[in-house]
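J.: Fold the stuff below for me.
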Amino acid sequence: MLLGVLVLLFSHACALNILLTSTGRWDTTNLRSLYDRLKSHPSHNVLLVAPLTESKSCQGLVREGSNSDNISGCLLRDKDYMNRDQFDHNIWYIDDCPARTSLIALDYIIPTFYVDWSFDLIIVGPTEESNAGPLNHLFNPNFQLSKFLSFRQIPVISLHATGPATRFHSSRDQPDDSALLYSQKVIQLIDGLSDYVRDAPFGNHDFQTTKSRFVDQNNVKFDEKLNRHDQLDDQNLLPRVLPHNVILNVNFPMVGSSSQVNCVDPQFEQSSTRSEFQLMIPSASFDESSNEFEIEMAPINTPMNSKDDSGHPSELLASESCAISVTAISNTGQDVEIGLSDILDPRYRIRKDLESLDKLKKYMNDEENVQGNGPQHGDFYSGKLNALVKQLFK
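T.: Model prediction:
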């Protein structure tokens with residue numbers, strides 16, 4: 001018992017290796033600001049691989065059945081196809097569609113150039129398009145890419161902002177800059193996740209990053225570098241960041257100087273896709289005067305409740321009230337419960353540490369009483385408990 005309490009009490013948040021990608025171009029302000037913030041984090045490592053532009057189509061990427069040899073032969077087709085940033089070699093941009101870009105990152109760039117990195121998390125975005133509400137889930141490219149990647153069994157966070165996409169520049173130091181605020185909040189979310197999974201509620205790292213097709217009849221990869229990376233993944237005993245087949249869908253409200261409701265410091269709120277009210281769906285109408293069809297948004301016939309039976313607000317409602325909506329969604333589209341209320345609570349880890357300290361105090365006092373010496377460490381543990389209580393309720 002004592003060893004278990006000490007492990008819980010003195011273990012630290014997990015240091016993560018993170019792949020950052022997007023359906024937008026590689027040099028948007030939101031994406032690069034998040035990359036810079038992750039890069040400066042004292043614990044995490046980050047690799048950015050994103051498309052050169054956002055106009056490439058992935059049509060024909062995935063074909064069902066076993067005859068898939070002709071899906072694509074585009075890798076390294078010309079010298080400008082894949083490049084590294086000349087000032088930061090952990091930034092790559094590829095002249096292809098988002099899905100192929102991500103696959104090349106997972107199956108070529110990582111096992112070839114990052115043999116010593118076992119990745120724990122993929123972050124997709126943020127892109128400048130809201131994904132709040134089930135209708136948006138159907139059409140949002142960033143969320144669709146997140147679902148696509150989650151079938152690799154790698155934990156995925158899908159990030160969605162609002163506002164126009166802008167090109168990145170390094171002098172963005174205004175305190176109300178939206179990209180800066182978004183990146184700060186993402187770090188809070190990741191730190192909350194890594195704190196929560198210290199106890200491995202979702203199990204341990206159990207996937208291989210690369211899914212190369214170069215295997216022999218015994219399902220053993222020929223390429224030595226690919227084998228080395230597989231072995232590294234097998235040796236990774238860190239906790240899983242998310243359960244299997246689950247995506248965290250995160251929608252940021254308009255913040256900073258762009259906000260119309262003076263939204264400066266939005267807080268995280270667990271949300272639900274099942275509780276959308278006044279859901280609008282596309283509707284086609286024919287205008288005889290112009291001889292054209294018009295697509296308009298019309299409300300559904302039966303309004304849904306603003307809160308479902310879980311009590312969580314809708315993604316739309318949360319975003320409109322200056323909150324960051326966070327929904328756990330399976331890659332088949334259902335909301336799932338994974339303990340988000342604790343993950344999003346900054347005081348969760350303090351409460352867990354208080355519980356561990358209390359167990360340790362009780363254990364030590366019981367041991368000393370059995371030995372007949374009476375409590376000898378009461379002052380020490382009381383001081384620790386008091387410090388944590390002050391931190392919890394300050």
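J.: Can you identify the element that follows the helix or strand bottoming out on mean pLDDT in the chain toward the C-terminus?
T.: In the chain, no helix or strand scores lower on mean pLDDT, DSSP states H and E than helix 2-10, which sits at a mean of 45. Sequence-wise, the next helix or strand downstream of helix 2-10 (DSSP states H and E) is strand 17-21.
J.: how about that following strand: buried residues?
T.: Neighbour-count burial for strand 17-21, counted by 16 or more other CB atoms under 10 Å, picks out N17, I18, L19, L20, T21. (Glycine included, C-beta is placed from N, CA and C.)
J.: now do stretch 126-145
T.: Buried, per 16+ other CB under 10 Å, within stretch 126-145: 126-137, 140-145.
J.: Next step: those residues restricted to helices.
T.: Of these, the ones assigned to helices by DSSP state H are P134, L135, N136, H137, P141, N142, F143, Q144, L145.
J.: residues contacting the fifth one?
T.: P141 makes contact with T23, P98, T127, E129, according to CB atoms under 8 Å, 6 or more residues apart in numbering.
J.: what does the fourth one give?
T.: Under the criterion of CB under 8 Å, 6+ apart, the neighbours of H137 are N131, F143, N249, T273, I329, G333.
J.: Would you confirm that the third one contacts S158?
T.: Pointing back at N249 there. Yes. With contact defined as CB atoms under 8 Å, N249 and S158 form a contacting pair (5.1 Å).
J.: what residues are shared contacts of the two?
T.: Common neighbours of N249 and S158 (criterion: CB under 8 Å, 6+ apart): N131, F143, S146.
J.: and the first one, backbone torsions?
T.: The phi and psi torsions at N131 (degrees, to the nearest 10) take the values phi -120, psi 30.
J.: Which stretches in the chain count as strands?
T.: For the chain, strands defined by DSSP state E occupy the ranges 17-21, 45-51, 82-84, 91-94, 121-127, 156-160, 246-251, 267-270, 280-287, 292-299, 323-330.
J.: Just tell me which of those strands ends up closest to S33.
T.: Across the strands of the chain, S33 has its closest neighbour in strand 121-127 (9.1 Å, CB to CB).
J.: what about the closest one, average pLDDT?
T.: Mean per-residue pLDDT for strand 121-127: 94.
J.: likewise stretch 148-156?
T.: Here the average pLDDT along stretch 148-156 is 93.
J.: Likewise for stretch 326-337?
T.: Stretch 326-337 carries an average pLDDT of 91.
J.: Residues contacting that stretch, please?
T.: 137, 147, 150-151, 189, 242-243, 245-250, 268-274, 310, 315, 338, 340, 344.
J.: go with 6 Å
T.: The contact list for stretch 326-337 (CB atoms under 6 Å, 6 or more residues apart in numbering) reads 147, 150, 245-247, 249-250, 268, 270-274, 315, 338, 340.
J.: Give me the buried subset of those residues.
T.: Judged by 16+ other CB under 10 Å, buried ones among these: 147, 150, 245-247, 249-250, 268, 270-274, 315, 338, 340.
J.: Might you report the residue contacts of the residue lying closest to V197 once chain neighbours are set aside?
T.: With CB to CB, 6 or more residues apart in numbering as the criterion, V197 has its nearest non-adjacent residue at 4.1 Å, and that residue is P239. Neighbouring residues of P239 by CB under 6 Å, 6+ apart: V197, A200, N204.
J.: This completes my enquiry, with thanks.
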